[in-house]
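Asks: no sequence on this one, just coordinates:
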C-alpha cells in the first residue's frame with residue numbers, strides 16, 4: 001500500500017519582484033523595509049506627542065535617517081559575522097550584495113542601538129526615552145519583514161504533517177513544512193505590537209524610561225526562541241549546543257538585558 005502523503009496548503013505563488021522595468025526591479029522585500037521604517041516613523045511621531053516628550057518633531061524626522069542606516073548596515077554586518085562569516089571571509093565583495101538577501105535582526109538591533117546612542121549624545125537627549133519609542137514601533141517592521149520572508153519562500157520551517165503545512169518552492173527536499181515566517185509575523189509583529197501598545201497607554205509606564213524597551217527585548221527573545229523550535233536552522237550552521245539554534249543563542253542576551261532594564265525602571 002502506498003504511503004499516505006499529508007495534505008498541505010498550496011503555497012501562494014507571489015512573485016518576489018513586484019515591478020521590473022529593464023534592469024530596475026522593485027522587490028517585496030525592499031517594500032517591506034520601507035513600510036516598516038515609514039510606519040514606525042509615523043507611529044513614533046504619534047507616541048511622541050504624549051508626555052513625556054522625548055524629542056521635538058524635527059528630531060523625530062532626523063532620527064529616521066539614523067535608524068535606517070543602523071538597520072541596514074547593522075543587519076548586513078550582523079548576518080556576515082553571525083551566520084556566514086567563513087563564506088564572506090573568502091568572498092568579501094559579496095558582503096556588499098545586499099539585494100540578494102542576508103540580514104540579521106540581532107545585527108540590525110545592535111546597529112539601531114549604536115545609532116540611538118550617537119543621536120542622543122549629539123542632541124543631548126535621554127537615550128532610554130528614545131529607546132522606548134523605538135521599541136514600541138519596531139514590531140511594525142518585524143511584521144512586514146517576516147511577511148516578505150514568506151513571499152520569498154525563505155527561512156521556512158521544519159518538516160511537519162500539521163494541516164497547515166506548506167511545500168515551499170525554494171525547498172530542495174520539497175516536503176511539507178511549518179510556515180514559520182507567519183508564526184514570527186504573528187508573535188514578533190502583531191502580538192508584541194499589541195502588548196507594547198497596551199503598555200504605552202499607561203502614564204506610569206511612560207514615565208519609567210527603559211521599561212518598554214525591556215518588555216520588547218524579552219518579548220522578542222521569547223517569541224524568537226519559540227519559533228526557532230519550528231524553524232529550519234540554516235543549512236551551513238545547523239544545530240548548536242544541546243540542540244539550540246543560532247537565533248536562540250543570540251536571543252539569550254536580550255532576555256538578560258531586558259530584565260535589567262525593567263528592574264532599573266521599576267526602581
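Replies: Right, received. Where do you want to start? Being a predicted model, the structure only gives us computed values, none of them experimental. Residues are numbered from 1 along each chain as shown.
Asks: C-alpha from now on. contacts and neighbour counts both.
Replies: Noted.
Asks: Tell me which stretches of the chain form helices.
Replies: In the chain, the helices defined using DSSP state H lie at 28-48, 57-82, 85-90, 105-123, 127-151, 180-184, 192-200, 203-206, 211-227, 246-266.
Asks: Show me which residues of the second one are buried.
Replies: Taking 16 or more other CA atoms under 10 Å as the basis for neighbour counts, the residues of helix 57-82 that come out buried are 60, 63-64, 66-68, 70-80, 82.
Asks: swap in the third one?
Replies: With burial defined by 16+ other CA under 10 Å, the residues of helix 85-90 counted as buried are 85, 88.
Asks: Show me what the lowest-mean-pLDDT helix or strand in the chain is packed up against.
Replies: Ranking every helix and strand in the chain by mean pLDDT, DSSP states H and E puts helix 85-90 at the bottom, with a mean of 78. Helices and strands touching helix 85-90, as assessed by 3 or more CA pairs under 8 Å, 6 or more residues apart in numbering; DSSP states H and E, are absent.
Asks: Now do that helix: everything it contacts.
Replies: Identification of contacts with helix 85-90 by CA atoms under 8 Å, 6 or more residues apart in numbering yields 80, 94, 95.
Asks: do the same with stretch 118-130
Replies: If you take CA under 8 Å, 6+ apart as the criterion, stretch 118-130 is touched by 54, 55, 63, 66, 116, 117, 209, 210, 213.
Asks: By pLDDT, give me the weakest of the residues you listed.
Replies: In terms of pLDDT, residue 54 ranks lowest among the contacts of stretch 118-130, with 90.
Asks: Distance of it relative to residue 126?
Replies: The gap separating residue 54 from residue 126 is 7 Å, by CA to CA, to the nearest Å.
Asks: Not including adjacent chain positions, what is the nearest residue to the residue nearest the centre of the chain?
Replies: Closest residue to the average C-alpha location of the chain: residue 142 at 4.1 Å, with CA atoms, centre = their mean. Counting by CA to CA, 6 or more residues apart in numbering, residue 189 is the residue found nearest to residue 142 once chain neighbours are left out, at 5.3 Å.
Asks: if I pick that neighbour, what's in contact with it?
Replies: 139, 140, 141, 142, 143, 144.
Asks: just residue 29 next, same as before
Replies: Shown in contact with residue 29 (CA under 8 Å, 6+ apart): 16, 145, 148, 149, 152.
Asks: Same question for residue 83.
Replies: 237, 246 are the contacts of residue 83 under CA under 8 Å, 6+ apart.
Asks: Please report phi then psi for it.
Replies: Recorded main-chain torsions at residue 83 are phi -120, psi -20, according to degrees, to the nearest 10.
Asks: From residue 89, how far out is it?
Replies: In terms of CA to CA, residue 83 sits 12 Å off from residue 89.
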